[in-house]
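J.: this one's structure only:
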């Protein structure tokens, strides 16, 4: 299904961009011809478009472009930006930390302006047939000259054994989608006893939401939440270690005789299983297996690559002036850009931005890959094959 009702995806295709997140928007914003963009879900905007309404605040401060155009940590420029885009997040409002829905809307506007986007169109396979590159999208086969994978962080990882359970056990994207739905009928009391697994950025914004510090403040009446993988034992330790962005969570940690709402558990989760309609979390605490019973478990344990069959070729780096900007399958026109390229931090990046080495989450940050994706878009030659029918969408 296309965002343009009159558009029909027809082959052969010139360029096919897979995914409708920020790196798809960056790529199409720097192309002369509008590519076709396919999104497996019904929403455009990538991971930031999971919800109907604001659920969490973004990591980075909202800052406009500076006159010198320099961006990145330690500069006055923005960290969330779309090179070549017709609209930037800083154009929308002046909030210090914008919500994920603002970034989703900006991505959507840039994509609609420069590409033809097809929703509910999952890429199921990429393969070669003779000298032709082909793709399968929603069970239909198309010839294509070039495929660009912009699938972001990929699918949620489950680094522990997840047994059968009738309790609410959600990944981070599922949590955002459910609590951010306009049809959400959950009240804070419905969550019952809650465990959050993972102390990265996903775990932190989930905890903000549950503590009533998110954009929609749903967790004002939650009592205590167990936070697995969090090694800060009290308010002082948490606020010393964390950026000011998350410092507000510290007030919910143990702090002397004051009552607390977050119980940090510095333990590795072994499994999540069923326990009479509730969830049993088994962890290794001080070397001893320790169980906990919960009504709701939210796991924020990172992401792995999407399960899309690709031609069996090795990957090589695509470089611009010596800097890696993407990866390419040797032998065919299939590229990976943005975080799905999984580029390691080389010595140049460490020299220019020490925070990439010190903060692991920054290796997949928007500011790190934005310029790389734009460079790839400017580098690749444009083809002459159309992506939609003559009467459908902008050409």
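T.: Good, I have the coordinates. Please read all numbers here as calculations on a predicted model, not as lab measurements.

J.: show me the contacts for the residue most central in space within the chain.
T.: Computing the C-alpha centroid of the chain and ranking residues by Cα atoms, centre = their mean puts residue 47 first, at 4.3 Å. If you count contacts by Cβ atoms under 8 Å, 6 or more residues apart in numbering, residue 47 has them with 21, 152-153, 173. Heads up, the C-betas are built off the backbone N, CA and C, glycines and all.

J.: Check residue 202 too.
T.: Counted by Cβ under 8 Å, 6+ apart, residue 202 has contacts 172, 300.

J.: From residue 282, how far off is it?
T.: 22 Å (Cβ to Cβ, to the nearest Å).

J.: From start to finish, how long is stretch 178-186 in a straight line?
T.: The straight-line separation of the ends of stretch 178-186 (Cα to Cα, to the nearest Å) is 9 Å.

J.: And for it, what's in contact with it?
T.: By Cβ under 8 Å, 6+ apart, stretch 178-186 touches 50-55, 170, 209, 218.

J.: what about 7 Å?
T.: Residues outside stretch 178-186 that contact it (Cβ atoms under 7 Å, 6 or more residues apart in numbering): 50-53, 55, 170, 209, 218.

J.: Check these and tell me the two furthest apart.
T.: Longest distance between any two of the contacts of stretch 178-186 is 17.3 Å, between 53 and 170; criterion Cβ to Cβ.

J.: low-confidence ranges in the protein?
T.: 1-8, 11, 66-75, 188, 217-221, 354-360, 383-395 (pLDDT under 70).

J.: For the residue of it positioned farthest from its centre, give me phi and psi.
T.: Distance from the C-alpha centroid of the chain, by Cα atoms, centre = their mean, peaks at residue 257 (38.7 Å). Here is the backbone geometry of residue 257 (degrees, to the nearest 10): phi -90, psi -10.

J.: for residue 106, what are its contacts?
T.: Contacts for residue 106 were tallied using Cβ under 7 Å, 6+ apart; they are 82, 87-89, 92.

J.: picking that back up, between residue 53 and residue 170, tell me which one has more neighbours.
T.: Between residue 53 and residue 170, residue 170 has the larger neighbour count (other Cβ atoms under 10 Å), namely 18 against 14.

J.: Let's verify the more buried one: helix, strand, or coil?
T.: Secondary structure assignment for residue 170 (DSSP: H, G, I helix; E, B strand; the rest coil): strand.

J.: which non-adjacent residue is nearest it?
T.: Ranked by Cβ to Cβ, 6 or more residues apart in numbering and with sequence neighbours excluded, the top spatial neighbour of residue 170 is residue 298, at 5.1 Å.

J.: doesn't the one you found fall inside a strand?
T.: Yes. Under three-state DSSP, residue 298 falls within a strand.

J.: mind listing what it touches?
T.: Taking Cβ under 7 Å, 6+ apart as the test, what residue 298 contacts is 170, 172, 175, 196, 206.

J.: Look up which residues are beta-bridged to it.
T.: Beta-bridge pairing for residue 298 (DSSP bridges): residue 170, residue 196.

J.: how much space between it and residue 269?
T.: 12 Å.

J.: isn't there a helix covering residue 202?
T.: Yes. Assessed by three-state DSSP, residue 202 belongs to a helix.

J.: From residue 52, how far off is it?
T.: Distance, residue 202 to residue 52, by Cβ to Cβ: 19 Å.

J.: Residue 133 now?
T.: 37 Å.

J.: Mind checking which of these two has more residues around it?
T.: Applying other Cβ under 10 Å to residue 133 and residue 52 shows that residue 133 carries more neighbours, namely 23 against 14.

J.: is it true that the more buried one touches residue 332?
T.: Yes. In terms of Cβ atoms under 7 Å, residue 133 counts as a neighbour of residue 332; the distance is 5.5 Å.

J.: For the stretch 101-250 of the chain, just list every one of the helices.
T.: Using DSSP state H, counting those that start in this stretch, the helices of the stretch 101-250 of the chain run over residues 172-179, 201-210, 235-241.

J.: Let's have the ones you listed in TSV, adding distance to residue 345.
T.: Converted to TSV, the helices of the stretch 101-250 of the chain look like this (distance: least, Cβ to Cβ, whole Å):
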stretch	distance to residue 345
helix 172-179	24
helix 201-210	18
helix 235-241	22
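
J.: Pick the most buried one from the ones you listed.
T.: Among these, the stretch with the highest mean neighbour count (mean count of other Cβ atoms under 10 Å) is helix 201-210, at a mean of 24.

J.: How far does that one sit from its chain's centre?
T.: Computed by Cα atoms, centre = their mean, to the nearest Å, the chain-centroid distance of helix 201-210 equals 14 Å.

J.: now do stretch 183-193
T.: Offset of stretch 183-193 from its chain centre (Cα atoms, centre = their mean): 25 Å.

J.: residues of it that come out buried?
T.: 184, 191, 193 (16 or more other Cβ atoms under 10 Å).

J.: one step back: which of the contacts of residue 106 are buried?
T.: 82, 87-89.

J.: JSON lines please, covering those residues and showing secondary structure.
T.: Shown next, in JSON lines, are the buried ones among the contacts of residue 106 (three-state DSSP):
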{"residue": "82", "secondary structure": "coil"}
{"residue": "87", "secondary structure": "coil"}
{"residue": "88", "secondary structure": "coil"}
{"residue": "89", "secondary structure": "helix"}
